[in-house]
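# Structure, please.
(one chain, ligands or ions: 1)
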Amino acid sequence: MLKFRSIALMAGVALLGTACGGPEASETSAPTMSWEEFQANAYQDEEGKFIIDGDLAFDSKEELKAFFDENIATETGSSEGGLAVYYLSGRDVKWTATQARNLTYCVSSSSFGSRYSTVVSAMNSATAAWEGTANVNFVHSTTYDGSCTASQAGVLFDVRQTSTTSYVARAFFPNSARSGRNILISTSAFGGGGSWSLTGVLRHELGHVLGLRHEHTRSTASGCYEDANWRALTSYDRASVMHYPQCNGTQTGDLVLTSLDRTGARALYP
Ligand SMILES: [Zn+2]
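Model prediction:
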């Protein structure tokens, strides 16, 4: 449940060949859809951000349109047979080596209230999972926790609570503007339901923050194909922390980094 609302469903390919769950289908051809259809299916959350693929935010309709133009309207097809990085116009969407070593964030003490320390702890654990395998370093700038908003310029991104029920959490890609660089955690994420811990959910969201796409977009057999704008870092991995289990995935427990996830993250940030 990071949330299941994918472009695949919008694009109408969700019902194709999901029966036997073969592994990757390379050379997928992105289905065409109109801007009107695409726009109608994007969800606008209470922050005014446009959400697609379940947990990815875009600042404005202009950004959403730019994404549509690059990913949906034109088909670039970089696909090839676990981990995949967002790939646009011939290059990876990732942080520079210097920035990757200083990914600063704040955790909103006012929005989380009594859950504040739980979130701080989960963020520490989730960031450690990526830091332990790739050359990245997340820095919790506690100085800004008291004024941790989307316009806080003292950090790269903010972590806040939201009461939406449309997703458990959502994040952003490295090419987002500051106002869209937020990890929003729904109150529903604290319910203790299912096999996903808050830390597990954050491991997945932090993957997006590093530039990683949903692993299930690599397979039309997942029923959750999104688009072809990604570059493979490893072979297809149905157990990846970036693969929704409900999209023909094999991860039945908490969302954890697999060995292929670690290999891919190191390849992206050596
Ligand atoms: Zn996601």
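
# Dump whichever strand or helix holds T263 to PDB, restricted to CA.
T263 belongs to helix 259-268 when assigned by DSSP states H and E. Taking Å, rounded to 0.1, in the frame of the first residue of the first chain, the C-alpha atoms of helix 259-268 are listed here in PDB:
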ATOM      1  CA  SER A 259      21.200  -7.900  -2.900                       C
ATOM      2  CA  LEU A 260      20.300  -6.700  -6.400                       C
ATOM      3  CA  ASP A 261      19.100  -3.400  -4.800                       C
ATOM      4  CA  ARG A 262      22.400  -3.000  -3.100                       C
ATOM      5  CA  THR A 263      24.300  -3.800  -6.300                       C
ATOM      6  CA  GLY A 264      22.200  -1.300  -8.300                       C
ATOM      7  CA  ALA A 265      22.500   1.500  -5.700                       C
ATOM      8  CA  ARG A 266      26.300   1.100  -5.700                       C
ATOM      9  CA  ALA A 267      26.400   1.200  -9.400                       C
ATOM     10  CA  LEU A 268      24.400   4.500  -9.400                       C
END
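
# How far does that helix sit from its chain's centre?
Remark: helix 259-268 is offset 16 Å from the chain centroid, using C-alpha atoms, centre = their mean, to the nearest Å.

# next one: stretch 194-203
14 Å.

# now swap in stretch 49-61 and tell me
That offset, for stretch 49-61, works out to 11 Å (C-alpha atoms, centre = their mean).

# Of all the residues in that stretch, which ones are buried?
For stretch 49-61, the buried set under the neighbour-count rule, 16 or more other C-beta atoms under 10 Å, comprises K49, F50, I51, I52, D53, G54, D55, L56, A57, F58, D59. In short, each C-beta sits where N, CA and C put it, glycine included.

# so which helix or strand takes in A126?
A126 belongs to helix 116-131 when assigned by DSSP H and E.

# Note down every partner strand of the helix or strand just after that helix and its orientation.
Once the chain leaves helix 116-131, the next helix or strand it forms, by DSSP H and E, is strand 138-140. Note on strand 138-140: by DSSP bridges, its sheet partners are strand 103-107 (parallel).
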